[in-house]
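Trainee: Let me see the structure of the following:
(chains A and B)
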Number of protein chains: 2
Amino acid sequence: MIYTKVIIIGGGFAGLKVAKKLHKTKMDVLLLDKKNHHLFQPLLYQVASAALSPADIAYPLREILKHQKNTTVLMGEVHSIDKEHKVVHLTNGIKYTYDYLVIATGAKHSYFGNDSWEEHAPGLKTLVDALSIRERVLLSFEKAERIDSNLEAEKYLNFVVIGGGPTGVEMAGAIAEIAQDTMFKNFRRIRPEKSKIFLVEAAPRILPPYPESLSKKAKKTLENMGVKVLTNTMVTNITHDGIETKNGFISARNVIWAAGNQASPLLKTLDVTLDRQGRVIVDKDLSIPDFPEIFVIGDAACAIDKKGKPIPAVATAAIQQGAYVGNLIRKEKPKSKRKPFRYFDKGSMATIGKLKAVACVGNFKFSGFLAWLAWGFIHIAYLIGFRTRYSVMLEWYFHYLTGMRGARLIHETIDTEHDPNSSSDPSIQE
Amino acid sequence: MIYTKVIIIGGGFAGLKVAKKLHKTKMDVLLLDKKNHHLFQPLLYQVASAALSPADIAYPLREILKHQKNTTVLMGEVHSIDKEHKVVHLTNGIKYTYDYLVIATGAKHSYFGNDSWEEHAPGLKTLVDALSIRERVLLSFEKAERIDSNLEAEKYLNFVVIGGGPTGVEMAGAIAEIAQDTMFKNFRRIRPEKSKIFLVEAAPRILPPYPESLSKKAKKTLENMGVKVLTNTMVTNITHDGIETKNGFISARNVIWAAGNQASPLLKTLDVTLDRQGRVIVDKDLSIPDFPEIFVIGDAACAIDKKGKPIPAVATAAIQQGAYVGNLIRKEKPKSKRKPFRYFDKGSMATIGKLKAVACVGNFKFSGFLAWLAWGFIHIAYLIGFRTRYSVMLEWYFHYLTGMRGARLIHETIDTEHDPNSSSDPSIQE
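Mentor: Numbering: from 1, shown residues only, chains lettered A, B, ... in the order given. This next block holds a predicted model:
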């Protein structure tokens, strides 16, 4: 007997959902991912800010799918897709044929063509990104403590987050908490609470997709935490010393990029129309024109809702798309019989710090402690369902009750460059 | 007023204990470490084997000492010690003077002069080492799953641990558990439970410092778990393909080094007598000859007990030495009035796997479940005292009850080298 072959590229929210929908079918499912784990990306900034460990928000794909016998997980990178011959080519020379192909390769950060900025302003998409940001932020305080010159130390205590979307807002809030609460009494020479944190956004307000009143609330909350929110501020250059904006220069050794997104370059091999972010413009059934057996979902797709509204690049949308496509494939529906995908907006939420968040569900907006509780509840509920573990919740409570961040580890040794203004013991100075 | 200046190099068990003993004194304490964290090294193999996350067994030195106002923590690497002028030089050009100096720089693994082996057989001393071993072990299963040739896949499913001390025994047991329990049902093509695990030891028995009956028990337990224990087997070479021993060649892509130790090269700058492992041969008060203000403790020291027995390189000995030296410094005892250091042997313990361990306390030996319980209790009790956290215990229980390993993350992407025997979809093979 010949089984229908389904290949899913990407084990994120969208791809994993498709795989799960094909459980107990007579289909032969192959899930390909560059990484061995599914990542709960909405909490990635918590790893970058040393509150959680990588293992708290990531889980092996094999483990998640171990009881699903018709599904094989392979770690590998896709090189190109040959849609005429229905073949997927991997970078190591392996190739696989499919009857259905689901592309759910997500997005990575984009520097709008200024790739040299990446060195000075890392983005936040993978666990490695998060660990590298954690390392830089923590090392900055260490370096500042070692330096005698106040002016030089100040550069290490200036933090800039570029991009006022949810990730940027969350990251700026988390750094403010690290500086003001977590590092309390940890240093003898510098005062981490004197750190300056800037959140820079080109648009007139932060959290642009949210209702304006919530943007204002978020801005005020951040300002109360000591974050300087600079809206209408377009970044024109990023160097080792800081950022240049249309309104002036900000000196900083720590810049985090949370601004642009770009879909995977793999999509170019499909030879279909892409939007400005490199995403595939899909039909109403999330398949691509002329190839009803190829679907593109999640952050890799530019999809329009039934009502003509673009579907946002958020986890809930990705999961809904995955469920929709999984059902189409399971029932092997021909294109003519497919009902258009419909996005059900479950609301948006961004946490700003300890006990503070903003959220909106339909026309209902809320902020402050209530929003934070809802935010925490939804995220933890998801993680527990996903991992059947309670330690994350405890980690959580512990972190919020004490302000301590347990994952404050620097793996590298400090660089051995000669600090020109380094503090030597005055008693032996020549 | 001029305070007595104490410099401690190294924030491990020994150094940290000295710092804590100087709490609330009128001394000016400087703790230098290359890393920003204290590491609970006895559980390092648990990170290497994906059961725990780095943050579960490491904690920022600053956080531990934050309430100790007379103590400054600086992240930095010591370049040399000038004992005549009482100066410590850092690699970045900073220098500090001291009245008392405590050197507690620990040990790293040594390849007995065969440094080229390190590439193929990483050791296990730091968190980075542990993460790199975790990465290699997990990637091996992934690579084996991708390869069609059984012969080639087998190489990835052969694991060799070199060195039959506690670390080697624990590591071999943990890999056996990963292959047999953790990976259960995770793969579709390979059978991880068919992995071969070798524990190679040059001496006639494993766990040489333990009583012979416990060595036998440990060997039998390991063999029941599927580990092949090769004693009297000296390793003569390590290559990409496996290890050469006096008794033959073992083909393997995964080799872990748990054999030799070597003290820090910094000790050479002291210009004193070192033993074969590069450790300083200290006086009975743990100071060095002619310089009563310089102490060397922990794994960096070769010390002889009151009864003429060498003091073992274990955490309890390091802590006792730290307490002893801390008290001497606090009381500013002249060398003539110092009572010799006395080591109180609290017993030894090695865990072999889930519910299995061997232990001896004085003349009392025990093994199996009872030893394991004692082992778990002592380690967790220490961690809790140290971190005031319960999540490690939960993580623990969870791991042991379910056999799952939550930290099974591969940060790298899989290499893109062309697999010569890679499995391609047969339907499209030319």
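Trainee: Nearest spatial neighbour of A:Trp324, chain-adjacent residues omitted?
Mentor: Not quite, residue A:324 is Tyr, not Trp. A:Phe341 (5.0 Å; Cβ to Cβ, 6 or more residues apart in numbering or on different chains). Yep, even glycine has a C-beta here, placed from its N, CA and C like the rest.
Trainee: Rank the helices and strands of chain A by mean pLDDT and give me the bottom one.
Mentor: In chain A, the helix or strand scored least confidently by mean pLDDT, DSSP states H and E is helix A:391-402, which has a mean of 53.
Trainee: Can you spell out which helices and strands pack onto the helix or strand hosting A:Ala172?
Mentor: According to DSSP states H and E, A:Ala172 maps onto helix A:166-177. When contacts are defined as 3 or more Cβ pairs under 8 Å, 6 or more residues apart in numbering or on different chains; DSSP states H and E, helix A:166-177 packs onto helix A:44-48, strand A:158-162, strand A:196-200, helix A:212-224, strand A:227-230, strand A:348-353.
Trainee: so what strands line up beside the last one?
Mentor: Listed by DSSP bridges, the sheet partners of strand A:348-353 and their directions read strand A:356-361 (antiparallel).
Trainee: Which strands and helices lie in contact with the helix or strand following the strand it pairs with?
Mentor: As assigned by DSSP H and E, the chain's next helix or strand after strand A:356-361 is strand A:364-367. The contact analysis (3+ Cβ pairs under 8 Å, 6+ apart) places strand A:364-367 against helix A:212-224, strand A:356-361.
Trainee: need the ones you listed in a markdown table with mean pLDDT and mean neighbour count, can you?
Mentor: What follows is these, written out as a markdown table (pLDDT from 0 to 100; neighbours: other Cβ atoms under 10 Å in any protein chain shown):
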| stretch | mean pLDDT | mean neighbour count |
| --- | --- | --- |
| helix A:212-224 | 93 | 18 |
| strand A:356-361 | 78 | 22 |
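Trainee: What segments of chain A are helices?
Mentor: For chain A, the helices defined by DSSP state H occupy A:13-21, A:44-48, A:54-57, A:61-64, A:127-146, A:150-156, A:166-177, A:212-224, A:315-330, A:369-387, A:391-402.
Trainee: JSON lines please, covering these and showing distance to B:Leu61.
Mentor: Converted to JSON lines, the helices of chain A look like this (distance: least, Cβ to Cβ, whole Å):
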{"stretch": "helix A:13-21", "distance to B:Leu61": "38"}
{"stretch": "helix A:44-48", "distance to B:Leu61": "21"}
{"stretch": "helix A:54-57", "distance to B:Leu61": "22"}
{"stretch": "helix A:61-64", "distance to B:Leu61": "34"}
{"stretch": "helix A:127-146", "distance to B:Leu61": "11"}
{"stretch": "helix A:150-156", "distance to B:Leu61": "19"}
{"stretch": "helix A:166-177", "distance to B:Leu61": "21"}
{"stretch": "helix A:212-224", "distance to B:Leu61": "31"}
{"stretch": "helix A:315-330", "distance to B:Leu61": "37"}
{"stretch": "helix A:369-387", "distance to B:Leu61": "30"}
{"stretch": "helix A:391-402", "distance to B:Leu61": "18"}
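Trainee: Worst mean pLDDT among those?
Mentor: Among the helices of chain A, helix A:391-402 carries the lowest mean pLDDT, a mean of 53.
Trainee: Next, count neighbours for the residue nearest to A:Tyr324.
Mentor: 25 (other Cβ atoms under 10 Å in any protein chain shown).
Trainee: cool, A:Phe369 as well?
Mentor: Neighbours of A:Phe369 (other Cβ under 10 Å): 12.
Trainee: can you list the domains in chain A?
Mentor: By the assignment in automatic domain parsing, chain A contains the domains A:4-106+A:264-337, A:110-260.
Trainee: A:Val6 against A:Val102, yeah?
Mentor: Yes. Contact criterion Cβ atoms under 8 Å: A:Val6 and A:Val102 qualify, at 7.0 Å.
Trainee: Can you work out which residues contact both of those two?
Mentor: Common contacts of A:Val6 and A:Val102 (Cβ atoms under 8 Å, 6 or more residues apart in numbering or on different chains): A:Val18, A:Ile329.
Trainee: quick one, which of the two is more surrounded?
Mentor: Neighbours were counted for A:Val6 and for A:Val102 using other Cβ under 10 Å; A:Val102 has more, 31 against 25.
Trainee: Could you check how far stretch A:251-260 is from the centre of its chain?
Mentor: Computed by Cα atoms, centre = their mean, to the nearest Å, the chain-centroid distance of stretch A:251-260 equals 15 Å.
Trainee: mind listing what's buried in that stretch?
Mentor: Neighbour counts over stretch A:251-260 (16 or more other Cβ atoms under 10 Å in any protein chain shown) mark A:Ala252, A:Arg253, A:Asn254, A:Val255, A:Ile256, A:Trp257, A:Ala258, A:Ala259, A:Gly260 as buried.
Trainee: Where does confidence bottom out across these?
Mentor: Note: of the buried residues of stretch A:251-260, the lowest pLDDT belongs to A:Gly260, at 83.
Trainee: Please report the distance of the nearest residue to it once chain neighbours are set aside from A:Gly11.
Mentor: Setting aside the residues directly before and after it, A:Gly260 is nearest to A:Ser110 in space (Cβ to Cβ, 6+ apart), at 4.0 Å. A:Ser110 is 22 Å from A:Gly11, where distance means Cβ to Cβ, to the nearest Å.
Trainee: If you count surrounding residues, which of those two has more?
Mentor: A:Gly11 (28 against 18).
Trainee: which residues touch that one?
Mentor: If a contact means Cβ under 8 Å, 6+ apart, then A:Gly11 has A:Ala19, A:Leu31, A:Asp33, A:Lys35, A:His37, A:His38, A:Leu61, A:Val73 as its contacts.
Trainee: give me that answer again for 7 Å
Mentor: A:Gly11 makes contacts with A:Leu31, A:Asp33, A:His38, A:Leu61, as judged by Cβ atoms under 7 Å, 6 or more residues apart in numbering or on different chains.
Trainee: Out of those, which sit inside strands?
Mentor: In this view, the contacts of A:Gly11 that belong to strands under DSSP state E are A:Leu31, A:Asp33, A:His38.
Trainee: Can you report how many residues neighbour the first one?
Mentor: Spelled out, that is A:Leu31. A:Leu31: 27 surrounding residues under other Cβ under 10 Å.
Trainee: The last one now?
Mentor: The burial count assigned to A:His38 is 22, neighbours taken as other Cβ under 10 Å.
Trainee: beta partners for it?
Mentor: Following DSSP bridges, A:His38 is listed with bridge partners A:Tyr59.
Trainee: same question, the first one
Mentor: Assessed by DSSP bridges, A:Leu31 has beta-bridge partners A:Ile8, A:Val73.
Trainee: Would you mind listing what in the stretch 101-250 of chain A touches chain B?
Mentor: Neighbours of chain B within the stretch 101-250 of chain A, by Cβ under 7 Å from any Cβ of the partner chain: A:Leu127, A:Val128, A:Leu138, A:Glu142, A:Glu145, A:Arg146, A:Lys185, A:Asn186, A:Phe187, A:Arg188.
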